[in-house]
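*Asks:* my questions concern the predicted model and sequence given below.
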Amino acid sequence: MSLRIGDKAPDFTLPDTEKQEVTLSSLKGENVLLLFFPLAFTSVCTKELCSVRDNLSQYNDAHVRVLGISVDSPFTLAKFKAEQGLNFSLLSDFNKTASADYGSLYETFALGMKGVSKRSAFLIDKEGIVRYAEVLENAGEVPDFDAIRGEMAKIG
C-alpha cells in the first residue's frame, strides 16, 4: 500500500519504550510526525534520530509530536533511546503491522534480513490526514527535513 498526501493515516497501536501502548487515533487533535527507521544502533538511524533530538524545539514550536518507529523490540529501543538521549517516543512495530500499512517495509534488507522498516516520514495533521509522505528505498538516505518543516509551517 502506498500512502499519498490527503489519505487518512492508518491507525495503529504500538508499545513504546516504557511498555505503554500508543494508539495513533488517540492523538487526534495533534499533529504527528511518524519517522519509520530500519534498525536501532545503526549509523544512519542514529544520525537521523539524533538530528531530530537536537532540533526537537522546532517540532515542539510547530505543535508536532514526533514518534520514531522500527521493528526493534521495545527493550532494544529503550536502550537505544537512553544511550542516545532521545527526547521523543520510540515505538516498537515488532509485528510489522504499521510498517506494512504505511508501505514502509523491506521484503529483504541487508544481510538477508526480512521485514525491516524502510526509512520514511509521514506528517499527519490534527484530523488524521497525511500531509507529507516520503518512503525511501535507499536506507542510506534520510527524509527531506526541510520539506517536512515547510509542511509543518502550513498545518501549525
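*Replies:* Yes, it's here.
*Asks:* which SS state does residue 77 fall under?
*Replies:* Following DSSP: H, G, I helix; E, B strand; the rest coil, we place residue 77 in the helix state.
*Asks:* give the contact list for it.
*Replies:* 16, 17, 40, 68, 70, 90, 91, 92 (CB atoms under 8 Å, 6 or more residues apart in numbering). C-beta: built from backbone N, CA, C; applies to glycine.
*Asks:* from residue 68, how far out is it?
*Replies:* For residue 77, the distance to residue 68 (CB to CB, to the nearest Å) stands at 8 Å.
*Asks:* now do the shared contacts for these two.
*Replies:* Residues within reach of residue 77 and of residue 68 at once, by CB under 8 Å, 6+ apart, are 90, 91.
*Asks:* which parts of stretch 129-147 are buried?
*Replies:* 130, 131, 132, 133, 134, 135, 136, 139, 142, 143, 145 (16 or more other CB atoms under 10 Å).
*Asks:* which residues sit against it?
*Replies:* For stretch 129-147, using CB under 8 Å, 6+ apart, the contacting residues are 2-9, 35, 38, 44, 47-48, 51, 102-104, 106, 109-110, 118-125, 148, 151, 154-155.
*Asks:* could you report the neighbour count for residue 148?
*Replies:* 22 (other CB atoms under 10 Å).
*Asks:* that one: which element?
*Replies:* Per DSSP states H and E, residue 148 falls inside helix 145-155.
*Asks:* helices and strands of this protein: which one bottoms out on pLDDT?
*Replies:* Ranked by mean pLDDT, DSSP states H and E, the weakest helix or strand in the chain is strand 105-108, scoring a mean of 84.
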